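*Asks:* Here is a sequence with its predicted model. Questions after.
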Amino acid sequence: MTKPDAQTPLKIGTRGSPLALAQAFETRRRLMEAHRLPEDAFEIVIIKTTGDDRAMIAADRPLKEIGGKGLFTREIEDALLSGRIDIAVHSMKDMPVAQPAGLVLDCYLPREDVRDAFVSRDHASIADLPAGTVVGSSSLRRRAQLANRRPDLALVQFRGNVQTRLKKLEDGVAAATFLAMAGLNRLGMSHVARSAISPEEMLPAVAQGAIGIERRQADAAANDLLAAIHDGPTGERLAAERAFLAALDGSCETPIAGLAVHEGGGLWLRGEILRPDGSEAIAGERRLAVSDAAEAGRDLARDLLAQAGAGFFDWRQG
Ligand SMILES: NCc1[nH]cc(CCC(=O)O)c1CC(=O)O
């Protein structure tokens, strides 16, 4: 394998937010350690995405209204395909279940904490929130789950990167919000979390806490480099979760939660779908062999869809 060096560094593409950069640095560190390469064998290339711009302009609108998940990945994938970058670092929870032709996304770093963090100055947990408290979140899943569990609370849209959202809390736009524990940990900001929310209370997003690294299918050198830092157990968990998501035709208009954990040599997969207003939630689980991840994920999705019945997805037309 031809290894990258200072003359021909491996170009690592990433968005420019502090969290995205922390993820790119972690990827570089793991590649340096696995291959005994110096830092200058890598170049971090920041790719500005349409999503970053539009999110800035329309900070108070739901993501689906400004163009959805793909907005944040399209330019990065174009940069990969054109050769401007060699690998791309992503939060797996933001990634569609299928990649464009010519690209592969099968390298995952060891997963961080999968839980959501409860963030608030005055309150210790969701249970601690008085009726009528204003909670900020623009995540369809978190909004639906909170409305389902606590219909007595008020929700406001709350988007932007971690720093922006914390500023909004400080400014009193809301009394509490949610962030991924993984993001806070990677930013060295775990102190911001008042408590971690258990998956029993709020099942996290599919792939939450996992970093994925995308490459060109034909790039054998990148394939070899990435194989050394891939975390197999994370791959097994995401295989089940993403099969579940794919079978639900998961778009960012659908509140979906899913989590697989290893248990007794196999996997325990839990899933939940909700109406966006929280008026109905349908949950289920499967215990499965690791080798059955794709089939079991699809099977759980079919089960939840059958329980949901006609009408559950009517809001999709709205
Ligand atoms: N949608 C934004 C996003 N994508 C990934 C993370 C956190 C890190 C992760 O889950 O890996 C976040 C922020 C958040 O939900 O607080």
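*Replies:* Good, I have the coordinates. Numbering: from 1, shown residues only.

*Asks:* quick one: contacts for residue 146?
*Replies:* 126, 135, 137, 153, 155, 202, 278 (C-beta atoms under 8 Å, 6 or more residues apart in numbering). From N, CA and C alone the C-beta is placed, and that goes for glycine too.

*Asks:* my guess is the last one contacts residue 143, does it?
*Replies:* Yes: between residue 278 and residue 143 there is a contact at 7.4 Å, judged by C-beta atoms under 8 Å.

*Asks:* In terms of neighbours, single out the busier of the two.
*Replies:* Neighbours were counted for residue 278 and for residue 143 using other C-beta atoms under 10 Å; residue 143 has more, 24 against 18.

*Asks:* Show the model's pLDDT score for the more buried one.
*Replies:* Looking at residue 143, its pLDDT reads 97.

*Asks:* So is whichever helix or strand it is part of next to the ligand?
*Replies:* Secondary structure assignment for residue 143, by DSSP states H and E: helix 140-149. No: Helix 140-149 does not reach the ligand (C-beta under 6 Å from any ligand atom); its nearest approach is 8.3 Å.

*Asks:* how about that helix: buried residues?
*Replies:* Buried residues in helix 140-149, defined by neighbour count with 16 or more other C-beta atoms under 10 Å: 140, 141, 142, 143, 144, 145, 146, 147, 148.

*Asks:* One more: stretch 22-37?
*Replies:* Of all the residues in stretch 22-37, those buried under the rule 16+ other C-beta under 10 Å are 22, 23, 24, 25, 26, 27, 28, 30, 31, 35, 37.

*Asks:* How about the stretch 1-150 of the chain: which residue is closest to the ligand?
*Replies:* residue 91 (3.5 Å; C-beta to the nearest ligand atom).

*Asks:* residues in contact with that residue?
*Replies:* Going by C-beta under 8 Å, 6+ apart, residue 91 touches 19, 20, 23, 183, 207, 210, 211, 212.

*Asks:* at 10 Å what do you get?
*Replies:* By C-beta atoms under 10 Å, 6 or more residues apart in numbering, the contact set of residue 91 is 15, 19-20, 23, 72-73, 180, 182-183, 186, 205, 207-212.

*Asks:* cool, and residue 98?
*Replies:* Per C-beta under 10 Å, 6+ apart, neighbours of residue 98: 105, 242, 246.

*Asks:* My guess is the second one contacts residue 297. True?
*Replies:* Put plainly, it is residue 242. Yes: counting by C-beta atoms under 10 Å, residue 242 touches residue 297, with 7.2 Å between them.

*Asks:* residues near residue 220, how many?
*Replies:* When neighbours are counted by other C-beta under 10 Å, residue 220 comes out with 12.

*Asks:* actually residue 156, sorry about that
*Replies:* Using other C-beta under 10 Å, residue 156 has 15 other residues around it.

*Asks:* Can you tell me the element residue 89 falls in?
*Replies:* Using DSSP H and E, residue 89 sits in strand 87-91.

*Asks:* In terms of residue numbering, what are the domains of the chain?
*Replies:* 10-110+210-230, 116-197, 240-308 (automatic domain parsing).

*Asks:* Any idea which of those domains gets closest to residue 3?
*Replies:* Set against residue 3 and scored by C-beta to C-beta, the domains of the chain come closest in domain 10-110+210-230, at 6.4 Å.

*Asks:* The closest one: how far from the chain's middle?
*Replies:* Mean-position distance between domain 10-110+210-230 and its chain equals 13 Å (C-alpha atoms, centre = their mean, to the nearest Å).
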